[in-house]
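Asks: fold the following.
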Amino acid sequence: MKKAFLNKDQLSGEKWLEQVREQFSHWRRTRLKKGRIPQELWESALDLYPVFSKHRICKSLCLNQNALKSRLEKRNIQNLPTQSCQPSPSPSPFIEISLPTSSPELNIKLEYLKGDGSCLKLELNGPIPMNDLESLCQKLKEA
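Replies: Got it, this is the predicted structure:
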């Protein structure tokens, strides 16, 4: 008989962790032979992060911290958007532009790519105070 478990939206904090811990305990008690942890149990464990620290998850569920870290990294790579920023072969210099002090309707797409590969995409539509836009560009440059 398959045991029914509540999903994470129905639980909060410690109850959620306790539920996942019980799933692992049940699997360990009822498995016929030693083997790999089923994918659905891994998914339950991965869902606990970042609500709980990696250390706390591993300690509570008796998991190897390197295995959890590896699976979290793999999940993050798989969840990246398909249209992500790609670094250009040669870095582009920062280009300053002069903007009018006020604008009627502007549609601006701003893509900011840092050296570490992180990317920020902004799409601004409508009347935009130019000093706000300049301030945003300056903060991105300093980040």
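Asks: only C-alpha atoms from now on, for both contacts and neighbour counts.
Replies: Will do.
Asks: any weak-confidence spans in this protein?
Replies: The model of the chain has pLDDT under 70 over residues 1-11, 78-106, 114-118, 126-130, 133, 141-143.
Asks: so what are the domain limits for it?
Replies: 8-78, 83-143 (automatic domain parsing).
Asks: can you list the buried residues in the longest helix belonging to the chain?
Replies: If you go by DSSP state H, the chain has its longest helix at helix 13-30. Neighbour-count burial for helix 13-30, with 16 or more other C-alpha atoms under 10 Å as criterion, is recorded at W16, L17, Q19, V20, R21, Q23, F24.
Asks: farthest-separated two in the residues you listed?
Replies: The largest separation in the buried residues of helix 13-30, counting by C-alpha to C-alpha, is between W16 and F24 at 12.7 Å.
Asks: residues of stretch 42-56 that come out buried?
Replies: In stretch 42-56, counting by 16+ other C-alpha under 10 Å, buried: W42, S44, A45, L46, L48, K54.
Asks: please enumerate the helices of this structure.
Replies: Using DSSP H, helices in the chain cover 13-30, 39-47, 54-61, 65-78, 130-142.
Asks: now these as TSV including distance to E111?
Replies: Below are the helices of the chain laid out as TSV (distance: least, C-alpha to C-alpha, whole Å):
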stretch	distance to E111
helix 13-30	37
helix 39-47	30
helix 54-61	32
helix 65-78	20
helix 130-142	10
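Asks: mind listing what N64 touches?
Replies: Residues near N64 by C-alpha atoms under 8 Å, 6 or more residues apart in numbering: C58.
Asks: that one and K54, how far apart?
Replies: 10 Å (C-alpha to C-alpha, to the nearest Å).
Asks: before we move on, what about C62?
Replies: C62 sits 11 Å away from K54, going by C-alpha to C-alpha.
Asks: swap in K33?
Replies: When K33 is compared with K54 (using C-alpha to C-alpha), they lie 27 Å apart.
Asks: run through the bridge partners of L122.
Replies: Taking DSSP bridges as the rule, L122 bridges to L110.
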